[in-house]
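Enquirer: Predicted model follows, preceded by the sequence.
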Amino acid sequence: MGDNIAAPFIPAQYTGEATTTSEVKTLVHEVAARDFFKTVMARLLDVNQWAALIGSISSGFQLTDLAGKPAEGQAETGMYIRIDIPGPGNSAGKGFDWVKIEQKEHVALNEHQEVFFIRARPSEHPVQKSAGIAHFLRKEASSSFVLMRDHAEITAAVYGRNEVPNTQAADLGDKIRNAVVGSTGAIGISKLQWKALVSGLLA
């Protein structure tokens, strides 16, 4: 059921890699599922706790405001997520990779089905925008973190779309680093991370 309900909320795939990582949990009845869905939404919005949900293989995730300063509380549209990937940092992002939250939405499709998602996209450093996209993937890429409830069944999923290594970076070191991270390790590592995240969300 998951992909069918989520389809209208996921960007079209037109270039590079597409990845889908999901986990399903069935509750004893729909009332319990409704309550649990709210809990899972709160967990997803608490970006600063993602690493704790993912465990030892995690990158560092820090929610920031529009000026790139660390922020507490729930993720909102327009905020940034600063990612600390193990290994060499990204000079355009002052040692970090950055994504911007471009959409956050909760949609009740009917009495028995609802969808909640946040979508993030590679971005410039919030302050030093002239340095270009500060991420190992190009700006065409997106990550959609989607929760779906169908009666008593809840699905948590991460949809990566249009994942192309950011080899257009201005800095040669970034170019090489992004080519390596984006084409080999990171897409695989991030899939492992997202698998741990969706499992942690539904635990």
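Expert: Great, that's in hand. Numbers count the residues shown, from 1 in each chain.
Enquirer: So which residue is smack in the middle of the protein?
Expert: Central residue of the chain (Cα atoms, centre = their mean): Ser143, 4.6 Å from the mean position.
Enquirer: wait, is that residue part of a strand?
Expert: Yes. If the criterion is DSSP: H, G, I helix; E, B strand; the rest coil, then Ser143 is within a strand.
Enquirer: Start the count at 508 instead of 1 going forward.
Expert: Right, with 508 as the first residue, what we last looked at is Ser650.
Enquirer: Which residues does it form beta bridges with?
Expert: Beta-bridge partners recorded for Ser650 (DSSP bridges): Ala627, Gly667.
Enquirer: contacting residues around it?
Expert: Val606, Arg626, Ala627, Arg628, Val665, Tyr666, Gly667 (Cβ atoms under 8 Å, 6 or more residues apart in numbering). Where you see a C-beta, it was placed from the backbone N, CA and C, and this is true even at glycine.
Enquirer: Could you dump the residues you listed into JSON lines and include neighbour count and distance to Phe544?
Expert: Compiled in JSON lines, these are given as follows (neighbours: other Cβ atoms under 10 Å; distance: Cβ to Cβ, whole Å):
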{"residue": "Val606", "neighbour count": "23", "distance to Phe544": "24"}
{"residue": "Arg626", "neighbour count": "22", "distance to Phe544": "19"}
{"residue": "Ala627", "neighbour count": "24", "distance to Phe544": "21"}
{"residue": "Arg628", "neighbour count": "23", "distance to Phe544": "25"}
{"residue": "Val665", "neighbour count": "21", "distance to Phe544": "17"}
{"residue": "Tyr666", "neighbour count": "25", "distance to Phe544": "18"}
{"residue": "Gly667", "neighbour count": "22", "distance to Phe544": "23"}
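Enquirer: can you tell me which of those lies nearest to Asp657?
Expert: Proximity of the contacts of Ser650 to Asp657 (Cβ to Cβ) peaks at Tyr666, which lies at 17.0 Å.
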